[in-house]
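Visitor: this one's sequence-less:
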């Protein structure tokens, strides 16, 4: 920041002068010392180099080449830019041709004296006023000989200032000796107050003087003939007298010789001067030519320099200017230099063409190069050549990408490495169902990229190539046909370049061919069956991949769908021509459909393999009872497949067709969803009737494991549970899947847009109901057969006969054993799934009641006490399982009781006593059935 006051110039001496005038500048704050002086401007010209600092109030300097009146400004470090109250007027002094000068004088403004005399014969060098009007003093006098010699006097008002005249006539001058002489300037400067009549009189005066001078020497002699004769007579008399005085008689000759010598001496003296003058004139002319046409002479060097700097627009502008000025010149030196310029421009044009055809090149750079070539008058159509070349380059680029990845896959196969690992999607979804998946090392996760299938890497690179190049290619074509490539060039250069509209259809076909090639390359990698309608040779040109598409893990397919959909969506904003949008939409739809079908099929396969994941560890809760992990795994597989398909495939983006809009896709998707819902049924069936061996199993905290010996204790040996235990576990899994899992899955499918899921729900429920029936029948048969098979043997155990039956003392043990076995079945079912207790117990009791009824009906003869014993046992069993009696079981008991003889009153009393005794003895066992009211109500609900 300046710390002192601003400089102020208050006086300048002298106040005017030519360039180089020594000026004394006075003022205030003109600097603390010479180093503080930072600038000095005189009439806008920097004169700091000539400035001599004397004190803070005085500076001496020399004026520069400024012209006209201007300010004197001093700039210091301490005070900044100053101001002034006075000015300095600079002017240029006319330098004659023989005058020496220390500086270069531009002679373009100097008047040739000899030519001036021939052009302006009416004016002499000493003429003050060519109009004959005096402009000195206050009076103005006009000499008019045709009229009376009258003197007219006018009062002269203030004259115009030179600054005002310079503003009116920037290129003019009031000096008669200069070529830029302006008559208006002269009149305003000298005769601005002269009347029109006086100016007209002055014009007449100029005409008379011109006519007098145009008469020449002959007229002069004629008008002065007598005076001429008198002069000749005087000269003759002088000669006669001279001869008389010449005693020797050779004076005349000696005078002649002296005159000749003087002439020779004068010629010798002035010959050198005139020679130097001619040389100086020729040098000045040469320098003037160089100065005037230095643009052309410096142009070859400037072209090379600007090309090296990359300033191509300046090269073209200079060339266009030189072409307009010197293209048709006949001057040999100009022609030689211009031919050199043309040679360099031809090399520059070739360089630009080569650079234009080098790819890849940014779009804006291509436009610039095309405009440069058009401005240079390049032959042909550089824009179209660029488009054709870029289309060929893109075809080669896509083909090279395909070939390189096919070779990579072939090399991997030759090395015995398919280069396929478990996909990140599969690991994330737990398709492997590894319970230790969370402990995967970071190095294994980092292997996803290195182990990505070649087809996935190929489609990623292919879509990147399309997104990087197709938009620029399309935009360049649009700019070409819209004419915007020619906007920034000169009209004279562009008039030969017109947009060839006939090529528009050809360009559209070029774009369509590129899009078709991209689509076919992707189809050859992922959907080769979609190219079956194409000729074999053409189909092979799109690539023959060593690995079939089925080898690609389904978890990788969503990645390819993302790449394709993003590419198609990005290219859709370009408003591509012809069939290109339809080709891209079909490709995206087919890829989405293939991914959806593949993932659904893989999910079906994963579900069918769930039986290998069974650990037979039962988890119990209030809602589902006891189930293993399989129903949850099944639900997770389906939900994750649905969710992933929704994010990648099913969910539509702007401009994409609805994937379920086509009836064929809708029908196939519904069938696959139905199969997916049904796929868990064979897995359960296999586990129930043909389970795989369990090699290892851990008892996790918070879970109860069913064992052959005890329904609540861990098994002593790990392995597959017995058949009856497997049946009830799988039956519980089946019921949970049918009642809760399947409806939730169908609801999720409906939520994500899958159609006809009600039909799939009905079919799936029928499948699981059939499985439930078969499992239930097998379990009931497995549990009731031992009980029913032992009844007859136990009834007649110890040689018991109804005819010889003794007086009853209580319920026999076989009834008690039968009740204990029913309780055992009840406990086993209750431990796994309480909802099945009523259903299973009722079926077992029905089987028992049928067998007892059959045995009673088979008795042909009763003893006196046999009816009491039979009724006691039937009623004891009936009272015990009364809560689980079905109408059929009740009917069986009634039939059996009806077949027995009617008891006597005393026998009825005995029966009641013994029945109460039985209830008292078996009260703890009976409580197992009496506490099942809640279970019965829930199962019935």
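Guide: Right, received. Where do you want to start? Note that the coordinates shown come from a computational prediction; the quantities given were computed from them, not determined experimentally.

Visitor: quick one, what contacts the nearest residue to residue 356 once chain neighbours are set aside?
Guide: Spatial nearest neighbour of residue 356, chain neighbours left out: residue 369 (4.4 Å); criterion: CB to CB, 6 or more residues apart in numbering. Backbone N, C-alpha and C define where each C-beta goes, glycine included. Going by CB atoms under 8 Å, 6 or more residues apart in numbering, residue 369 touches 352, 355-356, 361, 382, 386.

Visitor: Most widely separated two among the residues you listed?
Guide: 361 and 382 (13.0 Å; CB to CB).

Visitor: between these two, which one's more packed in?
Guide: residue 382 (25 against 16; other CB atoms under 10 Å).

Visitor: Residue 791 contacts residue 853, correct?
Guide: No: with contact defined as CB atoms under 8 Å, residue 791 does not count as touching residue 853 (10.9 Å).

Visitor: on that earlier part again, against residue 389, how distant is the residue nearest to residue 356?
Guide: To residue 389, residue 369 is 12 Å away according to CB to CB, to the nearest Å.

Visitor: Over to residue 398?
Guide: Taking CB to CB, one finds residue 398 at 15 Å from residue 389.

Visitor: who has more neighbours, these two?
Guide: residue 398 (20 against 14).

Visitor: my read: the more buried one touches residue 519, true?
Guide: No: with contact defined as CB under 8 Å, residue 398 does not reach residue 519; the gap is 10.9 Å.

Visitor: Just the closest of the contacts of residue 369 to residue 738, please.
Guide: Once CB to CB is applied, the member of the contacts of residue 369 that ends up nearest residue 738 is residue 361, at 65.3 Å.

Visitor: What score does that closest one have for pLDDT?
Guide: Per-residue pLDDT puts residue 361 at 89.

Visitor: Then residue 800 would be within a helix, right?
Guide: No: using DSSP: H, G, I helix; E, B strand; the rest coil, the assignment for residue 800 is coil, not a helix.

Visitor: Around it, count how many other residues there are.
Guide: Neighbour tally, residue 800, other CB under 10 Å: 15.

Visitor: Contacts only, for it.
Guide: Residue 800 neighbours (CB under 8 Å, 6+ apart): none.

Visitor: Would you check how far apart it and residue 820 are?
Guide: Using CB to CB, we find residue 800 at a distance of 20 Å from residue 820.

Visitor: need the longest strand for the protein.
Guide: Secondary structure of the chain per DSSP state E: the longest strand is strand 68-76.

Visitor: How about residues contacting that strand?
Guide: The contact list for strand 68-76 (CB under 8 Å, 6+ apart) reads 2, 4, 7, 9, 12, 23, 25, 27, 29-32, 36-44, 59, 81-84, 86-91, 162-163, 166.

Visitor: In ChimeraX, select just the buried ones from the residues you listed.
Guide: In ChimeraX, a selection of the buried entries from the contacts of strand 68-76 looks like this (16 or more other CB atoms under 10 Å):
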select :7,9,12,23,25,27,29,30,31,32,36,37,38,39,40,41,42,43,59,82,84,87,88,89,90,166
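
Visitor: Poorly predicted segments of the stretch 451-600 of the chain, please.
Guide: 487-498 (pLDDT under 70).

Visitor: And the helices in it?
Guide: Listed in chain order, the helices of the stretch 451-600 of the chain (DSSP state H, counting those that start in this stretch) span 454-482, 491-494, 504-526, 536-541, 557-572, 580-608.

Visitor: Show me what counts as buried in the third one.
Guide: The one in question is helix 504-526. For helix 504-526, by 16+ other CB under 10 Å, it's 507-508, 510-512, 514-515, 517-526.

Visitor: before we move on, back to that, so is the residue nearest to residue 356 in a helix, a strand, or just coil?
Guide: Going by three-state DSSP: residue 369 is helix.

Visitor: Against residue 524, how distant is it?
Guide: From residue 369 to residue 524 the distance is 36 Å (CB to CB).

Visitor: For residue 45, give me phi and psi.
Guide: Backbone dihedrals for residue 45, given as degrees, to the nearest 10, come out at phi -110, psi 130.

Visitor: count of neighbours near it?
Guide: 15.

Visitor: wait, doesn't it sit right on residue 65?
Guide: Yes: between residue 45 and residue 65 a contact is recorded at 6.3 Å, counting by CB under 8 Å.

Visitor: can you give me the helices for the stretch 201-350 of the chain?
Guide: Going by DSSP H, counting those that start in this stretch, the stretch 201-350 of the chain shows helices at 216-223, 225-245, 251-292, 294-309, 312-326, 332-357.

Visitor: Highest mean neighbour count out of the ones you listed?
Guide: helix 312-326 (a mean of 18; mean count of other CB atoms under 10 Å).

Visitor: Mind giving me the packing neighbours of it?
Guide: helix 294-309, helix 332-357, helix 363-375, helix 491-494 (3 or more CB pairs under 8 Å, 6 or more residues apart in numbering; DSSP states H and E).

Visitor: count of neighbours near the closest residue to residue 479 other than its chain neighbours?
Guide: Of all residues not flanking residue 479 in the chain, residue 485 sits nearest, at 5.3 Å (CB to CB, 6+ apart). Neighbours of residue 485 under the rule other CB under 10 Å: 23.

Visitor: who touches residue 485 in this structure?
Guide: 367, 370-371, 374, 383, 479.

Visitor: Widest-spaced pair of these?
Guide: It's 374 and 479 that sit farthest apart of the contacts of residue 485, by CB to CB, at 12.5 Å.

Visitor: For the two, work out which one has more neighbours and name it.
Guide: Higher neighbour count among residue 374 and residue 479: residue 374, with 22 against 18, using other CB under 10 Å.

Visitor: That one against residue 384, yeah?
Guide: No: if you go by CB under 8 Å, residue 374 and residue 384 don't touch, sitting 11.6 Å apart.

Visitor: ok so, going back, format the helices of the stretch 201-350 of the chain as CSV; extra columns: mean pLDDT and distance to residue 924.
Guide: Shown next, in CSV, are the helices of the stretch 201-350 of the chain (pLDDT from 0 to 100; distance: least, CB to CB, whole Å):
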stretch, mean pLDDT, distance to residue 924
helix 216-223, 69, 168
helix 225-245, 82, 182
helix 251-292, 80, 132
helix 294-309, 90, 108
helix 312-326, 89, 107
helix 332-357, 91, 101
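
Visitor: Of those helices, which is nearest residue 755?
Guide: helix 332-357 (53.7 Å).

Visitor: just checking, what packs against the closest one?
Guide: helix 294-309, helix 312-326, helix 363-375, helix 382-414.
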